[in-house]
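Undergrad: generate a structure from the sequence data that follows.
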Amino acid sequence: MSSQPARPASNPAALALGATAQTAHHDAHATRARRYTQLMLLVLAAGAIYPILYLRQVYQPTMLEVFHITDSQLGYLYSSLGTIFLLSYLPSGWLADRIAPRMLICFSLIATGALGLWYSTAPSFQMLMVIFGGWGLSTGLTFWAAVIKRVATIAGAGEQGRFFGLLDGGRGLIEAMLATVAITLFAWATQTKGESVAAGFRIVVYLYAFLCIALGIVLALVKDPQSEVHADAAHGTHHANRLATGTRRGNVLADLATLAKIPALWLVAAIVFCGYQVFWATYSFSAYLHEGDIGLTVVMAGTITTLKLWMRPIGGIGGGFLGDRYSKVSVLVIALFLAALSLVALMAAPRISSHVLLVFLVLFIGILTYAIRGLYWSLLERCNIPVSTMGLAIGLISVLGYSPDVFLPLINGYLTERFPGVFGYQLYFGYVAAMAALGGCAGLALRSLLNSKEGA
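TA: Next up is the predicted model:
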């Protein structure tokens, strides 16, 4: 009877170690999937919450008719909205440090949707002022810093660029898709069904309002991912340690004093300040292209600028992935300098006979603009800001960076009225091009500062 060879004894310790490694690998993949799922929900939230505030971009004549208001009164509504935004940025950051961002976002979505339902009833001008004031608080005070902080929290090390790029690019894609659905519904109601423009507009408002409320409810049921990011060692223990530190709730003045001593934060604010003005310049493209010396029809100019909106996913997402692959600061610097050069080229539009070249130039500026927007918030990762004051830092940067909301429309209005026609817009674009170049210089200074600190 032949004896079988003895089997080697199994090593319980090795088996246990292998099982643990396999479990950790599986958990890391599951955690990553959950974080991307939560990012997609935030993209949906950011893409759904703002369009209801800015329906004037498509429906301004309808709004004037439905609400029985004048252009001046509509201007007052949006002026009050911008003022509340500016006043809300800093308190928004303070609030995001003290209340779970997820709860703030849920409240913002539900409150914005509820105000939208009131808005759909075509209330009086006085009530419209109340609604717009409420929107300023629900999308500024309780939403803005909360969504930025939550994205920074769920993104792992080396993912900040792509997460913020996905946020801005994905948000633009959602806005474009919703706008397409909305205008289709409006056309169906008013042309196919023969309803009044008021009825068509009400359907559009319902679309955005109910979507906001539904998203608010869904996000309320989603688990807070902060602990998951801390446990996700696959994305770097440094990132986890940074997020875990600074849970103290200090005095706001002391926290502001601490933030004021971070030079990198001021440079990020300068980059946002300059980059945001490039975005503002794109609002004037349609009117500029329609001017006499260029001579595009209203439909052609509007079509080109509408195509530009679809560049947001390409610029935002592409810029974010390039930033993670190479260097966020370097990609941002290149985008800012290219935007400056492109705006200078756009100033020569009256001498460009090719409409194809004009379309390419506008779309290229659009890609650069959205790449800049998708990247500048990802720079916070390298500023070594504790999570306990990150919301306050976001608020501080927002106050400075988005201040062009206040003065840039005045500059635009003065130049285009003082110098009618193409020349006024050329002066405006020249100013913005100079700001873009200044932002590129701020980016170079930030890169030098970070390299010197990290090389020390």
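Undergrad: buried ones in stretch 139-146, by neighbour count?
TA: Of all the residues in stretch 139-146, those buried under the rule 16 or more other CB atoms under 10 Å are 139-146. Bear in mind the C-beta positions are built from the backbone N, C-alpha and C, glycine included.
Undergrad: centre of the chain to that stretch, how far?
TA: Put simply, stretch 139-146 sits 12 Å off its chain's centre (CA atoms, centre = their mean, to the nearest Å).
Undergrad: any idea of the mean pLDDT for it?
TA: Averaging pLDDT along stretch 139-146 yields 89.
Undergrad: keeping just the C-alphas, turn that stretch into PDB.
TA: C-alpha atoms of stretch 139-146 as PDB (Å, rounded to 0.1, in the frame of the first residue of the first chain):
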ATOM      1  CA  THR A 139     -28.000  79.100  -1.600                       C
ATOM      2  CA  GLY A 140     -25.500  81.400  -0.100                       C
ATOM      3  CA  LEU A 141     -25.500  81.200   3.700                       C
ATOM      4  CA  THR A 142     -26.400  77.500   4.100                       C
ATOM      5  CA  PHE A 143     -25.200  75.900   0.900                       C
ATOM      6  CA  TRP A 144     -22.100  77.400  -0.700                       C
ATOM      7  CA  ALA A 145     -19.300  76.700   1.900                       C
ATOM      8  CA  ALA A 146     -21.000  73.500   2.900                       C
END
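Undergrad: contact partners of it?
TA: By CB atoms under 8 Å, 6 or more residues apart in numbering, the surrounding residues in contact with stretch 139-146 are 49-50, 53, 84-85, 88-89, 91-93, 95-96, 101, 104-105, 107-109, 111-112, 391, 394-395, 398.
Undergrad: for the buried residues of stretch 139-146, work out which two are farthest apart.
TA: Using CB to CB, the two most remote members of the buried residues of stretch 139-146 are 139 and 145, lying 11.4 Å apart.
Undergrad: can you list the domains in this protein?
TA: Domains of the chain are assigned by automatic domain parsing as 34-244, 252-456.
Undergrad: any weak-confidence spans in the chain?
TA: 1-30, 57, 60, 223-250, 292-293, 298-299, 301-303, 306, 454-456 (pLDDT under 70).
Undergrad: one more time with 50
TA: By pLDDT under 50, the weakly predicted segments of the chain are 1-6, 8-9, 225-248.
Undergrad: nearest residue to the middle of this structure?
TA: In the chain, the residue lying closest to the centroid (CA atoms, centre = their mean) is residue 168, at 4.3 Å.
Undergrad: now do residue 413 against residue 405, distance only.
TA: 14 Å (CB to CB, to the nearest Å).
Undergrad: if you could redo that for residue 395, that was the one I meant.
TA: Distance of residue 395 to residue 405, given as CB to CB: 15 Å.
Undergrad: same question, residue 161
TA: The value you get for residue 161 to residue 405, if CB to CB is used, is 25 Å.
Undergrad: now swap in residue 323 and tell me
TA: Distance from residue 323 to residue 405, by CB to CB: 25 Å.
Undergrad: out of the two, which sits in the busier spot?
TA: Neighbour comparison, residue 323 and residue 405: the larger count goes to residue 323, with 25 against 15 (by other CB atoms under 10 Å).
Undergrad: and the more buried one, what does it touch?
TA: For residue 323, counting by CB under 8 Å, 6+ apart, the contacting residues are 161-162, 165, 331-332, 375, 378.
Undergrad: what is the burial count for residue 89?
TA: Residue 89: 22 neighbours (other CB under 10 Å).
Undergrad: and for residue 364?
TA: For residue 364, using other CB under 10 Å, the count is 18.
Undergrad: what do you get for residue 52?
TA: 24.
Undergrad: repeat for residue 39
TA: Residue 39: 22 neighbours (other CB under 10 Å).
Undergrad: again, but for residue 72
TA: Count around residue 72 with other CB under 10 Å applied: 7.
Undergrad: show me the contacts for it.
TA: Applying CB under 8 Å, 6+ apart, no residues qualify as near residue 72.
Undergrad: adjust the sequence numbering to begin at 398 for everything that follows.
TA: From this message on, residue numbering opens at 398, which makes the last subject residue 469.
Undergrad: mind checking which helix or strand it is in?
TA: Here residue 469, judged by DSSP states H and E, is contained in helix 468-493.
Undergrad: please apply the same query to residue 822.
TA: helix 819-852.
Undergrad: give the buried residues for that helix.
TA: So, applying 16+ other CB under 10 Å, buried residues of helix 819-852: 819-830, 832-837, 839-844, 847.
Undergrad: likewise for stretch 575-590?
TA: Under 16+ other CB under 10 Å, the buried positions of stretch 575-590 are 575-576, 579, 583, 586-587.
Undergrad: C-alpha coordinates for it, PDB please?
TA: Listed next in PDB are the C-alpha coordinates belonging to stretch 575-590 (Å, rounded to 0.1, in the frame of the first residue of the first chain):
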ATOM      1  CA  LEU A 575     -32.100  70.600 -17.200                       C
ATOM      2  CA  ALA A 576     -32.300  73.700 -19.300                       C
ATOM      3  CA  THR A 577     -32.900  71.600 -22.400                       C
ATOM      4  CA  VAL A 578     -35.600  69.700 -20.600                       C
ATOM      5  CA  ALA A 579     -37.200  72.900 -19.300                       C
ATOM      6  CA  ILE A 580     -37.300  74.700 -22.600                       C
ATOM      7  CA  THR A 581     -38.700  71.600 -24.200                       C
ATOM      8  CA  LEU A 582     -41.500  71.500 -21.600                       C
ATOM      9  CA  PHE A 583     -42.100  75.200 -22.000                       C
ATOM     10  CA  ALA A 584     -42.400  74.900 -25.800                       C
ATOM     11  CA  TRP A 585     -44.700  71.800 -25.500                       C
ATOM     12  CA  ALA A 586     -47.000  73.700 -23.100                       C
ATOM     13  CA  THR A 587     -47.100  77.000 -24.900                       C
ATOM     14  CA  GLN A 588     -47.000  75.900 -28.600                       C
ATOM     15  CA  THR A 589     -48.300  72.300 -28.700                       C
ATOM     16  CA  LYS A 590     -50.900  72.500 -26.000                       C
END
